[in-house]
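Asks: Quick one, what's the 3D model for this:
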Amino acid sequence: MHLSGNGIADAGATALAEAIQTNSTLTVLRLCDNRIADAGATALAEAMQTNSTVTELNLYGNVIGHAGAGVVPEAIYMEINSTI
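Replies: This next block holds a predicted model:
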């Protein structure tokens with residue numbers, strides 16, 4: 001799903017996070033340049049821990065700070081290790 005440049009911000013990212021927790025068909029989620037900050041990144045990271053089908057999450061060009069930037073790789077690492 002390519003939603004880059006739509007200005008979804010944290011509220012949109014949180015809504016998407018809720019949706020992808022149970023989605024079993026989505027493999028690509030591109031959210032570049034959407035004004036997503038730490039709260040949205042954290043919600044997406046938490047969703048990635050339960051979603052096993054998304055293999056590409058692109059958050060380039062958002063306003064994610066140190067807190068949000070730390071949880072995304074950690075969530076992906078946890079998901080990879082839980083499937084090994």
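
Asks: Could you use CA atoms for every contact and neighbour count after this?
Replies: Noted.

Asks: Give me the helix or strand of the protein that scores worst on average pLDDT.
Replies: Between all helices and strands in the chain, the lowest mean by mean pLDDT, DSSP states H and E belongs to helix 66-83, at a mean of 63.

Asks: any idea of the pLDDT on residue 50?
Replies: For residue 50, the pLDDT comes out at 88.

Asks: show me what contacts the residue nearest to it when sequence neighbours are not counted?
Replies: Of all residues not flanking residue 50 in the chain, residue 21 sits nearest, at 5.7 Å (CA to CA, 6 or more residues apart in numbering). For residue 21, the contact set (CA atoms under 8 Å, 6 or more residues apart in numbering) comprises 47-48, 50-51.

Asks: Residue 21 and residue 58, how far apart?
Replies: Between residue 21 and residue 58 the distance is 17 Å, computed by CA to CA, to the nearest Å.

Asks: Residue 16 now?
Replies: In terms of CA to CA, residue 16 sits 14 Å off from residue 58.

Asks: which stretches of this protein form helices?
Replies: 9-20, 38-48, 66-83 (DSSP state H).

Asks: show me what contacts the most centrally placed residue in the chain?
Replies: The centre of the chain sits closest to residue 44, judged by CA atoms, centre = their mean, with a distance of 3.4 Å. Contact analysis of residue 44 by CA under 8 Å, 6+ apart lists 13-14, 16-17, 72.

Asks: Kindly present the residues you listed as a markdown table, with separate columns for neighbour count and distance to residue 65.
Replies: Formatted as a markdown table, the contacts of residue 44 follow (neighbours: other CA atoms under 10 Å; distance: CA to CA, whole Å):
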| residue | neighbour count | distance to residue 65 |
| --- | --- | --- |
| 13 | 23 | 15 |
| 14 | 21 | 16 |
| 16 | 17 | 20 |
| 17 | 22 | 18 |
| 72 | 22 | 11 |
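
Asks: What is the most widely separated pair among those?
Replies: Spatially, the most separated pair among the contacts of residue 44 is 16 and 72, at 14.9 Å (CA to CA).

Asks: No further queries at this time; thank you.
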